[in-house]
Structures are given as C-alpha cells and as structure tokens.
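# Build me a structure from this.
(chains A and B)
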Amino acid sequence: MIELLKRLLRTPQGAVGLILVVIVFIVVVFGPWLAPRDPEAMSILARYKGPSANFLLGTDQYGRDILSRLLIGARSTVTMAVFATLAGTFAGAFIGTVSAFLGGRADEFIMRTIDAIMAIPNLLFALLIVNLLGSSSINALVAVAVAFAPGMARITRSVALAVRKQDYVSAAIARGESSRYIILREMLPNVVAPIVVEATIRVSFAVMLFATLSFLGLGAQPPATEWGLMVSEARQYMHLSAGILIWPSLAIAIVAIGFNLLGDGLRDALNPRTGG
Amino acid sequence: MSPNYLLKRLLMIVYTLFIVSLVVFAITQVLPADAAVMMLGENATDQALEALRQQMGLNDPVWLQYLHWLGGVLHGDFGQSLRTGQPVGPAMLQALGRSLLLAVLSIALMLALAIPLGVLAAIRRGKLADMIVSLISYAGVSLPEFVTATLAVLFVADWAKLLPPTGYVPLTENFLDGLAHLVLPVCVVSIILIAHVSRMVRSELVDVLHTDYIRAARLKGLSTSRVLFGHALRNALLPTITVVALDVGYLLGGIIVVEEIFALPGIGRQLIVAIQTRDLPAIQAGVLLMAATYSIVNFAADILYAWLDKRIQYD
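Presented below is the predicted three-dimensional model:
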C-alpha cells in the first residue's frame, strides 16, 4: 500500500489527482462544518453579490452564500457519484466474472446482450430509468449504477479472461494448486487492479452524469444544493451575475479532473511496465 | 473479410435492435401512464376509455402488445404520439436528420482538431506542447456538456454577441444563418470527443513510434516526416476508427443535452419532451432509432477497419 502510494505520487497525474481527491473528500466529510454560513439563509438585500469578505464566492439569486452551498452540495453530488459507481462496478464485475467463468455459449450470449444494451447511450438509459422510478436523488443513483453496469461487465470479463491465460496462472495449475488458491491469490489481485482504475475514472463520469440528470430536472430537486441543479437554476439569472453559474461549474470540473487524474495515475502505478 | 463475417455482423445488428426493443418496451410498459387517458383526457367517460383501450389493444397480455408493436415497427409504423396524435415515425426521422447533421459536423470538427493535437503531443512527448495538449484534454473530458453549453451561451452569445444563443434555422431556408446557429452546438458536442480522441491518437502514435518497423524506416534514412506520415500515422490511426465509433454512443448522449439547451429540434430534444410527457410510442421510437444509429455506425467502422487493415482476417 505504501509502495503503491509512493509510485502514485511519482507520476504528476497521480500526485495532482490524489491531492484533488483528498481535498474533495475533506469537503464531503467536513463540508457542513467548513461552511461559513447557512446555505439556505436567504437575503433579499444581498442578491447577486460578487465575491467579498462576507461572501467569499458571492451570493445567488436568493442572496444565499454560494461557497456554503457548494461545500454542502459536495455531499450530494460526490457521495452519490461514488456510490453509484461502486454499485455499478459490483453489479458489472459480478456479471462479467460469471460470464467469463461460464464461458462458451452462455458467455457469448451474455456478452452479445450486453453489447446490445450498450447501444443505448448511458445518459438516455439513465433518463429512462429515472423516468420509470420517479425524479429523486436515490433514483438517479440507481439509474447511473444500472447505466454503468454493462460497461463494467465487459471490462471485468475481458480482464478475467486475459488473466486466466497468463503464464503464472498456468504455472499455478501445473503446480497443482487448488482453484480457491488460484482464484484468490493469483487471479483476483490482477483482476482488481484494472477494475479499480476504470472505476476511479468512472466516478468522474458519474459526477457529470449525475449533475446532468439534476440539470434536466430528473435528479435532485430544489432547494437541494446539488451542483448540477445549482447550474440549472443559475441559467435564468446568469445575465445578472455570472458567478452563480461559474462556481458550481468549476466545482464539477475540479472533481471530475481529480478522479480522472487519479485514475490515470493509478493505472501507471499499478502497471509494472510503465510504473516507476 | 469473408461473407460469413459480414453476415455475423449484420445478425448482430438485428439482435441488438431486438434486445433494445425488449428493454425499451419493458421500461415503458412499467411506466404508470394510461395511454387511453392520455389521448382522451381526464374527463373521458369510462365507456369511451374502455372502447379505446379495446381498440388499442391495451387489455391484451403484455407479450401480445409487444408483438403488435414490433410488427408495426417492422412495417415502419411506430404508432401514434399520445401527445400530438400524429404518427411518431416521420416526426422522429425528421428530428434524427437534424441531429445527424449536428453529429456529422461535430465528428468532422473533432477529427480536424484531435488528430493534429494528438500527433503534436506524441512527437513532442514530455515537452511543453505535450503537457499543454494533455491539460486541455483533461479539462475537456471533465466538463459536462450542460456546463460548456451554458458557459458558451453566456460568453459567446450573450456577452460578446458573436453568435445567436439558441434556436434552429434550417440550412435550406437560410444557409448562413442556419450555420451560425449550429456553430455553438457543434463546438460543445465535440469538446469531450476532441479531448478523448486526441489522447487516444497520442498514445497509439507513441506506441507505434517505438516499434521495430519504424526504427527500420528511420535507419533506412527516411526523413522524419516520411516516417511519420508515410508509416506511423496510418497504423496509429487505425485503432482510432474503433474508438471514434464507440464514442458515437457518448456523442448521442451529449446531443440530448446540447439540443435541449440550444433549443435544437433534433431527436434528443424530442426524446426529452417524450420522456417528460410520458409519450410512450415516441420514447420507444426515439430510443430504437438512436440504438440503430449507433449499431450501424459501429458496423461501418468494423468494415472500414477490416478493409484498411489487411493483416486481420475475419471469419
């Protein structure tokens, strides 16, 4: 673990990504305590203010403190994205592993079906599911998870098949090791690494997808502090103050860049050929 | 490329559309929307509703309804919109045409920028140019379309007044004005694709530049540009075809958001309206057409790849 961290910090992507993601998690955990003001407190006199000592990032259309809303909104946006990705990854990894394990016709059938489902764009699939379940944050989480599962299943399957053909697995079989040992000690660690990399990068997609659903009115509902919703609400008032639009956009971008960089950094650090 | 392979690929498209039709029918079936109530309104009498349900086959078992619907689709009849009462098929096809214009222009812009950026980054690997391209591409893949679109409307249309903010003018009506309305949507849709594809081109080209045949070409005394454009680029761009085709799935998703923001009456906007009003036939037709577009593009990409790359023998 320490070794991995060292290698991660040696690549510029890994170092910057790790720092950004750590900052994001600090905000997610401690956001409500860090927020200087009440995110719901409205003030008619303090609407559309630019950054000032009182309101570090200015105020929105109701005179609410944008910084406080962003700090608290991190919870809904980032936590949801992480959980959606985790759920999608586990579901996908399960399907992919089963498919690789079954092999033959069953594998062919499962994979062709997954390819078929992937012909529906992720966003559209998520929209359909949210529409089916009703607009809410939890339903958006389920939708993103379901939309991610087919892609993760494909990746898991191809990684599992590739690992199974490796010499070290053949060697373990030749040594007469038990299936349990081969799966747990030889295959699993090598299957997990690429999936962790992919899942990390997908968190950034989940953040974007999640924010997009809220933006379209199908995710978090007002007066939630979800970042996509903040951008959506800001659209009507952006002529009066660009800040209401720009700060939440920047927050989404920073989280997405952080997870993207961390994912790429992890890929290099976990790959013995390019790492180090 | 054997006829066998072609046949297999075509069957795959049929299977894809079959599965998508099942998925979309299942999802729309569970939706709590009574088509009869939607068509006749809340105040319709029970007899009238019952008669319409009978006529539309809404009392039939689900599998029979699916077969009826599928039979209609196979004859090009996607049913009538619950919202407008008009046939869904022609409206969706017309919308798809507008979306395809947006998609094709976006892909063209993407190729025109992503390939040079990727090549530049690969040949100046580790230098300043590489880092700048890499920074741009990280920023590009990290901004969702609704953010870039909204910012573009704010800065380019509202502040600088360079381009019209939203709306759609058919190219056949006023070519220049129509084009002006397409500039921002095309730029927004292509940003993420440019970021993704330029990174792919870079990494493919870096790999190719390290192969033995490139070293051999260099040792033969060929000029750098001959090696790059005559040998390396061709092989580096081959895998990019597949990546671009897969990205079309992402692009179709992006189009939904971009059309909504720029009020462009394409298939994405139609789908959003259909989803919001629970217009089931319109949702079904829209999703099927999108999946068909994706499948056909990927089929074409596979054929193109096989045709360009003589090393691969498909069977």
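# So what's the residue count around B:Gly167?
Burial measure for B:Gly167: 11 neighbouring residues, criterion other C-beta atoms under 10 Å in any protein chain shown. In this view, the C-beta of every residue, glycine as well, is placed from N, C-alpha and C.
# show me the contacts for it.
Shown in contact with B:Gly167 (C-beta atoms under 8 Å, 6 or more residues apart in numbering or on different chains): B:181, B:262-264.
# quick one: it and B:Val258, what's the gap?
B:Gly167 sits 13 Å away from B:Val258, going by C-beta to C-beta, to the nearest Å.
# intersection of neighbour lists for the two?
Common neighbours of B:Gly167 and B:Val258 (criterion: C-beta under 8 Å, 6+ apart): B:Leu264.
# and A:Pro189, how many neighbours does it have?
For A:Pro189, the tally of surrounding residues (other C-beta under 10 Å) stands at 10.
# mind checking which helix or strand it is in?
When secondary structure is defined using DSSP states H and E, the element that contains A:Pro189 is helix A:188-215.
# which stretches of chain B have low pLDDT?
Judged against pLDDT under 70, the low-scoring parts of chain B cover residues B:1, B:31-42, B:56, B:310-315.
# all strands for it, in order.
With DSSP state E, there are no strands along chain B.
# And the spatially most central residue of it, how far from B:Thr172?
Nearest to the geometric centre of chain B sits B:Leu252, at 2.7 Å (C-alpha atoms, centre = their mean). In this structure, B:Leu252 and B:Thr172 are 24 Å apart, going by C-beta to C-beta.
# before we move on, the earlier item: which of the contacts of B:Gly167 are buried?
For the contacts of B:Gly167, a burial check counting by 16 or more other C-beta atoms under 10 Å in any protein chain shown picks out B:181, B:262, B:264.
# which non-adjacent residue is nearest B:Leu308?
Spatial nearest neighbour of B:Leu308, excluding adjacent residues (C-beta to C-beta, 6 or more residues apart in numbering or on different chains): B:Leu238 at 6.2 Å.
# so who does that neighbour touch?
B:305, B:308-309.
# Which one of those residues is nearest to A:Ile252?
Taking C-beta to C-beta as the measure, B:Tyr305 is the one of the contacts of B:Leu238 closest to A:Ile252, at 35.1 Å.
# Would you check how far apart that closest one and B:Tyr250 are?
B:Tyr305 sits 19 Å away from B:Tyr250 when distances are taken as C-beta to C-beta.
# Between which two of the contacts of B:Gly167 is the distance greatest?
For these, with distances taken as C-beta to C-beta, the pair at the greatest spread is B:His181 and B:Ala263 (9.4 Å).
# excluding its backbone neighbours, what's nearest the residue nearest to the centre of chain B?
In space, B:Leu252 comes closest to A:Pro121 once its chain neighbours are excluded; the distance is 4.5 Å by C-beta to C-beta, 6+ apart.
# what's near enough to touch the one you found?
Shown here is A:Pro121, whose contacts under the criterion C-beta under 8 Å, 6+ apart are B:249-250, B:252-253, B:256, B:290, B:294.
# how does it look with 6 Å?
Contact partners of A:Pro121, counting by C-beta atoms under 6 Å, 6 or more residues apart in numbering or on different chains, are B:249, B:252-253.
# Now do it, the pLDDT please.
Model confidence at A:Pro121, expressed as pLDDT, equals 90.
# Mind listing residues that contact the helix or strand bottoming out on mean pLDDT in chain A?
Comparing every helix and strand of chain A by mean pLDDT, DSSP states H and E singles out helix A:179-181 as the least confident one, with a mean of 78. Contacts with helix A:179-181, where a contact means C-beta under 6 Å, 6+ apart, come from no residue at all.
# Now it: buried residues?
Within helix A:179-181, no residue qualifies as buried by neighbour count (16+ other C-beta under 10 Å).
# ok, which residues in the stretch 51-200 of chain A are in contact with chain B?
Residues of the stretch 51-200 of chain A lying close to chain B (C-beta under 6 Å from any C-beta of the partner chain) are A:113, A:116, A:119-123, A:127-128, A:131-132.
# Could you save the residues you listed as TSV and add columns showing secondary structure?
Shown next, in TSV, are these (DSSP: H, G, I helix; E, B strand; the rest coil):
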residue	secondary structure
A:Thr113	helix
A:Ala116	helix
A:Ala119	coil
A:Ile120	coil
A:Pro121	coil
A:Asn122	helix
A:Leu123	helix
A:Leu127	helix
A:Leu128	helix
A:Asn131	helix
A:Leu132	helix
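# which one of these is nearest A:Val142?
Compare each of these with A:Val142 using C-beta to C-beta and the shortest gap goes to A:Leu132, at 9.8 Å.
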